[in-house]
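Peer 1: I'd like to go over a predicted model; first the sequence, then the structure.
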Amino acid sequence: KQEVTQIPAALSVPEGENLVLNCSFTDSAIYNLQWFRQDPGKGLTSLLLIQSSQREQTSGRLNASLDKSSGRSTLYIAASQPGDSATYLCAVMNNAGNMLTFGGGTRLMVKP
Amino acid sequence: DGGITQSPKYLFRKEGQNVTLSCEQNLNHDAMYWYRQDPGQGLRLIYYSQIVNDFQKGDIAEGYSVSREKKESFPLTVTSAQKNPTAFYLCASKQGAFNSHTEAFFGQGTRLTVV
């Protein structure tokens, strides 16, 4: 059974810092990996999707990488802002393309 | 605007009651999903549906039921058999049922509390 782990569970940084969030998964036979943002009491907003054949994806200040063989993904946030404060979740899609398995999330706080 | 609408936003259930959470999407997506989120935890899959009139159990289906009579709608019923139903429930949808690299989109969630 696929298991997804995110470390750290919580992170607090001063504004302007570059930071990295980590995601690891136990079964490397994935179809794609998706990073989401969740604000308190809200639903999830998709940030980036990386196909299993890709190494990275970029959107603005966000860059996500994928190393499928080692079962790892990172989300890099450049020049962090207080508005980036949220919980970030990674999720892997199985090879059948029908199930997303989520990590527990990293709660990020960016202090002004 | 296109999107996924969950209702109600807050729901209170008495012990022994069945309640139904609504999820509607106008994105013309084939696949729809229900997840449960407990405080400080990730999302766990309850049920999913790839096409109309078909659905599959996820990891924690016991005490829940669903239907998929229309492409746009995927209601979730929390039955009295679910012993610990207090949680945040999230509905999602995705274009393309199988083997498609498309993003999953989520609704704003329903917070269910047992009183």
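Peer 2: Received the coordinates, thanks. Numbers count the residues shown, from 1 in each chain, chains lettered A, B, ... in the order given.
Peer 1: Which residues are in contact with residue 3?
Peer 2: With no chain named, the answer covers chain A. A:25-27, A:101 (C-beta atoms under 8 Å, 6 or more residues apart in numbering or on different chains). (Each C-beta comes from the backbone N, C-alpha and C, glycine too.)
Peer 1: um, chain B though
Peer 2: So residue B:3 contacts B:25-27, B:105, B:107 (C-beta under 8 Å, 6+ apart).
Peer 1: Please identify the residues of chain A in proximity to chain B?
Peer 2: Neighbours of chain B within chain A, by C-beta under 8 Å from any C-beta of the partner chain: A:4, A:6, A:9, A:31-32, A:34, A:36, A:41-46, A:49, A:51, A:89, A:91, A:96-105.
Peer 1: Tell me which of the residues you listed fall in strands.
Peer 2: A:4, A:6, A:31-32, A:34, A:36, A:44-46, A:49, A:51, A:89, A:91, A:100-102 (DSSP state E).
Peer 1: that older thread, now, of the residues of chain A next to chain B, which are buried?
Peer 2: A:4, A:6, A:31-32, A:34, A:36, A:42-44, A:46, A:49, A:89, A:91, A:97-105 (16 or more other C-beta atoms under 10 Å in any protein chain shown).
Peer 1: Which residue is the nearest non-sequential neighbour of the residue positioned nearest the centre of chain B?
Peer 2: Central residue of chain B (C-alpha atoms, centre = their mean): residue B:34, 2.7 Å from the mean position. The shortest distance from residue B:34 to any non-neighbouring residue, by C-beta to C-beta, 6 or more residues apart in numbering or on different chains, is to residue B:46 (4.4 Å).
Peer 1: part of a strand, is that neighbour?
Peer 2: Yes. Residue state for residue B:46 (DSSP: H, G, I helix; E, B strand; the rest coil) corresponds to a strand.
Peer 1: contacting residues for it?
Peer 2: Listed by C-beta under 8 Å, 6+ apart, the contact partners of residue B:46 are B:34-36, B:58-61, B:64, B:66, B:76, B:89.
Peer 1: Next, the contact list for residue A:70, please.
Peer 2: residue A:28.
Peer 1: and with 10 Å instead?
Peer 2: Residue A:70 is in contact with A:24-25, A:28, counting by C-beta atoms under 10 Å, 6 or more residues apart in numbering or on different chains.
Peer 1: Over to residue B:15?
Peer 2: Counted by C-beta under 10 Å, 6+ apart, residue B:15 has contacts B:80, B:85, B:114-115.
Peer 1: Which secondary structure element of chain A has the lowest mean pLDDT?
Peer 2: In chain A, no helix or strand scores lower on mean pLDDT, DSSP states H and E than strand A:100-102, which sits at a mean of 92.
Peer 1: Many thanks, we can stop here.
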